[in-house]
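*Asks:* just a sequence and a predicted model for now, questions to come.
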Amino acid sequence: MILDEEDSEMPQFLLTVWHDEDYVVDFSTDDAQRVMGQVGALNEELMASGAWVFGGGLMPASSAATARPGGAPGDVTLTDGPYAETKEQIGGFWVVELPDREAALELARRAAAACEGPVEVRPFQSE
């Protein structure tokens, strides 16, 4: 998001939820129901406060595909799987508008507690 000096919009932040690559949610378990309730309550609060822009959970990384540019212009190769070769994958995310980085970090603390897992915070470019 690019902000003009006269623009009164707050900065936007991406909060990403991370899981191990073999993480699978079984929504019928008590643990999953507890976490979903915690995350749902946080989502409702974000929507009510006006900070919510967009958010969602993602299917497992095994469902991903990656497009990579080749050597020649317009040459693109599609491969199955996520871009990152790592044991941890993005499991979900929020895009929020908040006054500053400190507010985003506080939200990340609350989101990590609700998700019971790590949450990364990154601001969107503003220029």
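*Replies:* Structure's in. What do you need?
*Asks:* got the phi and psi for the residue most central in space within the chain?
*Replies:* By Cα atoms, centre = their mean, the chain has its centre lying nearest to residue 93, at 1.8 Å. Here is the backbone geometry of residue 93 (degrees, to the nearest 10): phi -160, psi 160.
*Asks:* with adjacent residues omitted, what lies nearest to it?
*Replies:* Nearest non-adjacent residue to residue 93, counting by Cβ to Cβ, 6 or more residues apart in numbering: residue 16, 4.8 Å away. The way it works is simple: take the backbone N, C-alpha and C, and place the C-beta from them, glycine included.
*Asks:* how about residue 91?
*Replies:* Per Cβ to Cβ, 6+ apart, closest to residue 91 is residue 19, 3.9 Å.
*Asks:* the one you found: what secondary structure?
*Replies:* Classification of residue 19 using DSSP: H, G, I helix; E, B strand; the rest coil returns strand.
*Asks:* pLDDT wise, what is it at?
*Replies:* According to the prediction, residue 19 has pLDDT 88.
*Asks:* please apply the same query to residue 88.
*Replies:* 89.
*Asks:* quick one: the residue nearest to the centre of the chain from residue 29, how far?
*Replies:* Residue 93 sits 23 Å away from residue 29, taking Cβ to Cβ, to the nearest Å as the criterion.
*Asks:* element containing the residue of the chain most remote from its centre, please.
*Replies:* What lies farthest from the middle of the chain is residue 72; by Cα atoms, centre = their mean that is 32.8 Å. Assigned by DSSP states H and E, residue 72 belongs to no helix or strand.
*Asks:* just residue 112 next, same as before
*Replies:* Per DSSP H and E: helix 101-115 holds residue 112.
*Asks:* what's that helix in contact with?
*Replies:* When contacts are defined by Cβ atoms under 8 Å, 6 or more residues apart in numbering, helix 101-115 is touched by residues 13, 15, 17, 35, 38-39, 41-42, 46, 51, 92, 94, 96, 98, 118-121, 123.
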